[in-house]
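Q: Fold the following.
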Amino acid sequence: MTYHDNQGVREEIDRYLRRNASRQANLGKSSTKEERMEADRAWESDLLEIEKLDPEFAKLLHAQTD
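A: Numbering: from 1, shown residues only. Below you'll find the model as predicted:
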């Protein structure tokens, strides 16, 4: 099952990606360090879920966040 070959996997991964995009968009100049750290922790958790769905796609995402 991969992001590019399986519609269900793609929809699930896209849901995680949208959730992270929303989280990041809600961070601003007034966000505390704790809020930023919580967003990072949530993203790491989402990446673990994405990795279960498609390990290769998750590797690409990890490479972008390093």
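
Q: And the nearest residue to Arg36 once chain neighbours are set aside, its phi and psi?
A: Excluding the flanking residues, the one nearest Arg36 by Cβ to Cβ, 6 or more residues apart in numbering is Leu27, at 6.1 Å. Backbone N, C-alpha and C define where each C-beta goes, glycine included. Backbone torsions of Leu27, given as degrees, to the nearest 10, read phi -80, psi 140.

Q: List the contacts of stretch 46-61.
A: 1-3, 9, 12-13, 16, 19-20, 62, 65 (Cβ atoms under 8 Å, 6 or more residues apart in numbering).

Q: Could you work out the end-to-end span of that stretch for me?
A: Stretch 46-61 stretches 11 Å from its first residue to its last (Cα to Cα, to the nearest Å).

Q: confidence score at the spatially most distant residue from the centre of the chain?
A: In the chain, the residue that sits farthest from the middle, by Cα atoms, centre = their mean, is Ser30; the gap is 22.6 Å. pLDDT for Ser30: 94.

Q: Next: the one 5 residues further on.
A: In the prediction, the pLDDT value recorded for Glu35 is 96.

Q: Please list all residues in contact with the closest residue to it other than its chain neighbours.
A: In this structure, Glu35 finds its nearest non-sequential neighbour in Leu27, 6.6 Å apart by Cβ to Cβ, 6+ apart. By Cβ under 8 Å, 6+ apart, the contact list for Leu27 reads 35-36, 39.

Q: phi, psi of Ala25?
A: phi -70, psi -30.

Q: If I look at it, what pLDDT would I see?
A: 94.

Q: Helix or strand: which one has Thr2?
A: Following DSSP states H and E, there is no helix or strand that holds Thr2.
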